[in-house]
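Novice: let me see the structure of the following:
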Amino acid sequence: MTSAVPSPRTEAGPASPLPAAGRRSLATALLLGSAGAAVVLLASRQGWAEGTAAVAGGRFPLTAKGSDVTGVPAALAIVGLAAMVAVFAVRRAGRLLVAALLALSGAGTVLTALLAHRDDSVLDGRAAQTTGNTAATVESLTHTPWPYVAAAGGLLLLIAGLLALRYGSRWPGMSGRYERDGAPRTRRTRPVDPDRPEDLWKALDRGEDPTTT
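Specialist: Have a look, this model is predicted:
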């Protein structure tokens, strides 16, 4: 009687390469997301409004940075940047949620930057403090283009989020130690050679007893 010879186990082949559309969308989203967050943070540190306050000795110049007017765009840019990184750490429904958060961060940045463009309350308060008159307001008020720059950065974040929503399911995950079904891959280790000190140290680092091999 002949015994059946067990068929050799077939190992899973390498993952299929990322499609061209997925590669382009991934590179574009990374570029737009990181650039958008950097632009918003840079614009928030710049002067958004300038004016003067009338004092006894003449006129005192006043300046309000974007972070003085509103801290929302910078905060949303940081949230968007974190969401951009988190997209690669989650899968399936979690990736969709994080991508939606990225898109919402971009949209919120655009909205708040545009709404804060004409906010003069910060300079009015500084004019009142400088002159000692609570009814004083800023004079010769001018606004810089930096709020629009911040809004443009938010638009880049929004586009990155939309790309993640559309193509994120095709993007790879952060770790390659897991198969598509979520099962961890078996790690193949080389037998320890007792005559090679480096092998002994590597075995100890892995928590193995080299004397038992």
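Novice: what's the longest helix in this structure?
Specialist: helix 20-44 (DSSP state H).
Novice: what's downstream of that helix, the next helix or strand?
Specialist: strand 47-55 (DSSP states H and E).
Novice: for that following strand, which residues meet the burial criterion?
Specialist: By 16 or more other C-beta atoms under 10 Å, the buried positions in strand 47-55 come out as 48-54. Backbone N, C-alpha and C define where each C-beta goes, glycine included.
Novice: average pLDDT for it?
Specialist: Across strand 47-55, the average pLDDT comes to 84.
Novice: packing partners for that strand?
Specialist: strand 58-65, helix 66-69, helix 121-131, strand 139-143, helix 146-167 (3 or more C-beta pairs under 8 Å, 6 or more residues apart in numbering; DSSP states H and E).
Novice: nearest to residue 39, out of those?
Specialist: helix 146-167 (3.2 Å; C-beta to C-beta).
Novice: next, the angle from the closest one to helix 20-44.
Specialist: Here the directions of helix 146-167 and helix 20-44 differ by 160 degrees (axes from the mean of the first three to the mean of the last three C-alpha atoms, to 10 degrees).
Novice: re the thing from before, most tightly surrounded among the helices and strands packed on strand 47-55?
Specialist: Ranked by mean neighbour count, those are led by helix 146-167 with a mean of 23 (mean count of other C-beta atoms under 10 Å).
Novice: by contact count, what packs against that helix?
Specialist: helix 20-44, strand 47-55, helix 66-69, helix 72-86, helix 93-115.
Novice: doesn't residue 48 make contact with residue 147?
Specialist: Yes. Between residue 147 and residue 48 there is a contact under C-beta atoms under 8 Å: 5.4 Å.
Novice: what sits in contact with each of those two?
Specialist: Listed contacts common to residue 147 and residue 48 are 66, 116-117; contacts here mean C-beta atoms under 8 Å, 6 or more residues apart in numbering.
Novice: now pLDDT and distance to residue 31 too, for those, in a markdown table please.
Specialist: Below are the shared contacts of residue 147 and residue 48 laid out as a markdown table (pLDDT from 0 to 100; distance: C-beta to C-beta, whole Å):
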| residue | pLDDT | distance to residue 31 |
| --- | --- | --- |
| 66 | 88 | 23 |
| 116 | 88 | 27 |
| 117 | 84 | 27 |
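Novice: closest one of the residues you listed to residue 143?
Specialist: Once C-beta to C-beta is applied, the member of the shared contacts of residue 147 and residue 48 that ends up nearest residue 143 is residue 117, at 6.3 Å.
Novice: check the secondary structure at that closest one for me.
Specialist: helix (DSSP: H, G, I helix; E, B strand; the rest coil).
Novice: that one contacts residue 43, correct?
Specialist: No. With contact defined as C-beta under 8 Å, residue 117 does not count as touching residue 43 (11.4 Å).
Novice: mind listing the shared neighbours of the two?
Specialist: residue 147.
Novice: neighbour count for these two, which is higher?
Specialist: Set side by side, residue 117 and residue 43 show more neighbours around residue 43, with 28 against 20, by other C-beta atoms under 10 Å.
Novice: what's the nearest residue to that one if we skip its chain neighbours?
Specialist: residue 150 (3.8 Å; C-beta to C-beta, 6 or more residues apart in numbering).
Novice: how close does that neighbour get to residue 84?
Specialist: 17 Å (C-beta to C-beta, to the nearest Å).
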